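Chemist: generate coordinates for the sequence data below:
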Amino acid sequence: MTGSDALTEGRPFAATSAARVLAALVLVIAVATAPLSPSALLVASAATAIVVLATRSRARVAQVLPAGLGMIAATLLPTALHRGLLPATLVGGRAGLSLTIAVAGFATVPAAELAPALRALGVPVTVSAVVASALVQAKLLATEGRRLSLARQLRGRHGYGDAATLLGTLFTRAARRAQRTALAAELRGYDPATALLRARFARSDAPLLGVAGLLAGAVHVAGRLGP
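Modeler: The predicted structure is shown next:
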């Protein structure tokens, strides 16, 4: 049994991270390439609602999504002024729904499982390993950053007058911690490349991928047949 199988065992309709990434990509592409029509937008909205309701990490989605939607609205403001509200609404709605599906879909994938998921989708081992390393480094930087910020607050220091020194300390500490983490993993016999090579889809992925395919097809059919 692979690690993905173990994660999905005992949970009905559970799917591996690779399947969740693939399902999100299928829906995002389907919505982004659907014809600009109210019927396609309506079906895409229903598909997006299903994705959001199925996402357990709604708090993370709520944190990330408003900024992206605000950028889309600001970008389409000239279109609304020059071409009218309907074209801007259709384009903005399609972009906003695509963004919502992407954020909600990827929010279900833990950072540690993203690189194996990419490998299972056919991304080369080297690229997947780089992604895994970057995610680890980003997590270490965030952790060390919070520690340094808390330490400065406890010392009563505010402002960013010593930003250069702070950044140097942050990267130095993160690099040392990354070296310790890598050494500990190596001593335990962990090889990231070997772990990525074992990444596979599971039989439990079929329901999720089937639903994603049906929703993607429905969006395009509605766009071609509807007004």
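Chemist: tell me the centre residue of the protein?
Modeler: Closest to where the C-alpha atoms of the chain average out (CA atoms, centre = their mean) is Phe106, at 2.8 Å.
Chemist: how far does the helix or strand in which that one is found sit from its chain's centre?
Modeler: Assigned by DSSP states H and E, Phe106 falls within helix 85-107. Chain-centre distance of helix 85-107: 15 Å, with CA atoms, centre = their mean, to the nearest Å.
Chemist: other SSEs contacting it?
Modeler: If contacts are counted by 3 or more CB pairs under 8 Å, 6 or more residues apart in numbering; DSSP states H and E, helix 85-107 sits against helix 17-32, helix 38-54, helix 58-83. In this view, the C-beta of every residue, glycine as well, is placed from N, C-alpha and C.
Chemist: now do the longest one and helix 85-107, the angle between them.
Modeler: Taking axes from the mean of the first three to the mean of the last three CA atoms, to 10 degrees, one finds that helix 58-83 is oriented at 160 degrees with respect to helix 85-107.
Chemist: what of the second one?
Modeler: In terms of direction (the same axes, to 10 degrees), helix 38-54 departs from helix 85-107 by 30 degrees.
Chemist: which residues touch helix 38-54?
Modeler: 24, 27, 30-31, 34, 58, 61, 90, 93-94, 97, 100-101, 104-105, 211, 215-216, 218-220, 222-223, 225-227 (CB atoms under 8 Å, 6 or more residues apart in numbering).
Chemist: what residues are up against the residue nearest to the centre of the chain?
Modeler: Here Phe106 is in contact with Val21, Ala24, Leu114 (CB under 8 Å, 6+ apart).
Chemist: neighbouring contacts of stretch 71-83?
Modeler: Pro87, Ala88, Thr89, Val91, Gly92, Ala95, Gly96, Leu99.
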